[in-house]
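Student: pasting the sequence and the predicted coordinates here, then a few questions.
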Amino acid sequence: MVGNSRLFYVDHLRVLLTVLVIFHHTAITYGGEGSWYYIESTETELTPTKGLLSLFTGVNQAFFMGFFFLISGYFTPRSYDRKGALPFLKDRFIRLGIPLAVYVFLIGPSLIYAMKPEGKEPFWSFYSNEILSFRIINWGPLWFVEALLYMAIAYVLFRKWDNRRIEVSDASQAAAFPSHRTIFLSALLIGSASFLIRLVMPTGKEILGLQLGYFASYIFLFIVGVLAFRRNWFQLLPVQTARTWLIVSLCTLPALPISAVFGDVLGQPDASINGGLSWLAFIYAFWEPFVAFGIIMYLLVWFRDRFNTSVPMWQRLAASAYTVYIIHPPIVVAICYMLRGAAFPNILKFILAGLAATACCFAIASLLRKIPFADRVL
C-alpha cells in the first residue's frame, strides 16, 4: 500500500530542514532578524550583511517550520492507524513530552544562565528563583515540539469524534492534487487569517512559547499533511504545478524587502512588519504563503524525483535529525561564542559557524542515540 511504503525523500528533506534550522539561528547571531540566545551583531543600520542574512531568515521563516508541520501531519494518520488512540498518545508524550521537559528544565535555563552578564548569581539561586518558580519558562526551538503535542491531542479527539472507520491510505483513496485555483485561494485564506491574528498577536509575541501570529499557516499545513497521506498527494504532486508555484514564489520574494526598504516613500516609515494596522504587516502576511507554497512544493518534487533511494549515510543523518533539532541551541551558541574574537567578516563567521555546528550536532546526536533506550525518545 502507498501509505506504508518508505518515502526516503521525505527523510532527506527532514535532514535539509534541520540543517536550515541550525543556519537560521546562526544567521540571527550575526545580524539576521530574529531572536536568539546569543547575538553578536547588534547593529541597527541596514548593511549588506544584515540585509542578506535577514532575507535568509525571512525566507526560512516563511516556509521551513510550516514544512515541518506538513511532514508531521503526513505521518500522523499512519501512526494512529497502526497503534490506536492510547498507544499513539503514549508514544507522543514519550517522544515529544520528555525532550520538551528536558529542554524547559535543563537546556534552556542553562543557556540563559550562561549568557547572563558578569556578576550573575550562583546557578542554583538563579534556578530556584527563576525556573522552579516558573517566572521563566524557556521553550526555545522546542515550541515546535510543544505545538506537535497539542496537535496530536487534537487529532486523537477528532478521530474519536469521527466514528467512521478510516482505513490506511491506499491507491484507491488517492485524489487529484488540488488545482491552481485552490492553492491560490488557500494562500489568500492564510494571508487573511495571519493578518487578522496579528492585529492582536503580532509576531514576536508569545503565549506559552508559541508565536500565534504564525499559526494560521502551521495549522493549515498540518491539516494538509493529514489529507496528503490519505489522498496520496505527495506522490501525485505534478512537477509542472510545483514549477509554476516556484515561479510565483520567486516573483513574490522581492516584494517584502522592497517594501521594507522604501517604506518611507509609501508614507509609513515606522510601519511594523510584525502586526497591527500597517501596510507592511499586510504585505508580510500575504507574502509568506505565496513564498512558502512554491518552495515547499518544488522541494517535494525535486527530492521525490531525485533522492527517493535508501542511502546509508542519509538514513543515518535522518535518524539523528530529531535529536539534532533538540540539542542544537547550546552547540550553535558555543561555537558562535568561540568565534567571537575572530577578525572575520560576519558573513564568513555565519558560514563557518553554521558548517561547524551542523557537523558537531549530527556527531553528538549520533552518540546520544547509542545510549541504551535513548532511541525510544530520540
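Tutor: Sure, I can see it.
Student: from now on I want contacts and neighbour counts done on CA atoms only, so please keep to that.
Tutor: Will do.
Student: can you tell me the centre-most residue of this protein?
Tutor: For the chain, the residue nearest the mean C-alpha position is Met65 (2.2 Å; Cα atoms, centre = their mean).
Student: which non-adjacent residue is nearest it?
Tutor: Tyr218 (7.5 Å; Cα to Cα, 6 or more residues apart in numbering).
Student: buried residues of the helix or strand hosting Leu352, list them for me.
Tutor: Using DSSP states H and E, Leu352 falls within helix 346-368. Buried residues in helix 346-368, counted by 16 or more other Cα atoms under 10 Å: 346-347, 349-350, 352-355, 357-358, 360-362, 364-366, 368.
Student: longest helix anywhere in this structure?
Tutor: The residue-count maximum for a helix in the chain (DSSP state H) belongs to helix 48-83.
Student: helix or strand for the nearest residue to Thr57 once chain neighbours are set aside, which one?
Tutor: Sequence neighbours aside, His24 is the residue nearest to Thr57 in space, at 5.7 Å (criterion: Cα to Cα, 6+ apart). Using DSSP H and E, His24 maps to helix 8-29.
Student: before we move on, what about Pro117?
Tutor: For Pro117, there is no host helix or strand (DSSP H and E).
Student: roughly how far apart are it and Ser128?
Tutor: Distance, Pro117 to Ser128, by Cα to Cα, to the nearest Å: 19 Å.
Student: the more surrounded of those two?
Tutor: A direct count of neighbours by other Cα atoms under 10 Å for Pro117 and Ser128 places Ser128 higher, at 12 against 7.
Student: list the buried residues for the strand or helix carrying Leu317?
Tutor: Per DSSP H and E: Leu317 is located in helix 312-338. For helix 312-338, burial by neighbour count (16+ other Cα under 10 Å) applies to 314-315, 317-337.
Student: next up, the contacts around the closest residue to Phe63 other than its chain neighbours.
Tutor: Spatial nearest neighbour of Phe63, chain neighbours left out: Ala292 (4.5 Å); criterion: Cα to Cα, 6+ apart. By Cα atoms under 8 Å, 6 or more residues apart in numbering, the residues touching Ala292 are Val59, Ala62, Phe63, Ser249.
Student: spatially nearest residue to the second one, not counting backbone neighbours?
Tutor: In space, not counting the residues next to it along the chain, Ala62 is nearest to Glu288; the distance is 4.9 Å by Cα to Cα, 6+ apart.
Student: report pLDDT for the closest residue to Ile107 other than its chain neighbours.
Tutor: Excluding its sequence neighbours, the residue lying closest to Ile107 (Cα to Cα, 6+ apart) is Pro330, at 7.5 Å. With respect to pLDDT, Pro330 has a value of 97.
Student: list the contacts of Phe177.
Tutor: Phe177 makes contact with Trp233, Leu236, Leu237, Pro238 under the criterion Cα under 8 Å, 6+ apart.
Student: isn't the third one up against Val301?
Tutor: Yes: the pair Leu237 / Val301 is scored as a contact, 7.1 Å apart, by Cα atoms under 8 Å.
Student: which one's more surrounded, the two?
Tutor: For Leu237 and Val301, the more surrounded residue by other Cα under 10 Å is Val301, and the numbers stand at 22 against 19.
Student: and the more buried one, how far from Asn308?
Tutor: Val301 sits 10 Å away from Asn308, going by Cα to Cα.
Student: again, but for Trp302
Tutor: For Trp302, the distance to Asn308 equals 10 Å [Cα to Cα].
Student: now do Arg95
Tutor: Arg95 is 26 Å from Asn308, where distance means Cα to Cα.
Student: so where is the stretch 251-378 of the chain shaky, pLDDT-wise?
Tutor: Residue ranges of the stretch 251-378 of the chain with pLDDT under 70: 263-271.
Student: contacting residues for the residue lying closest to Ile335 once chain neighbours are set aside?
Tutor: The spatial neighbour of Ile335 that comes closest, neighbours along the chain excluded (Cα to Cα, 6+ apart), is Ala353 at 6.2 Å. Contacts here follow Cα under 8 Å, 6+ apart; on that basis Ala353 touches Thr26, Val332, Ile335, Cys336, Leu339.
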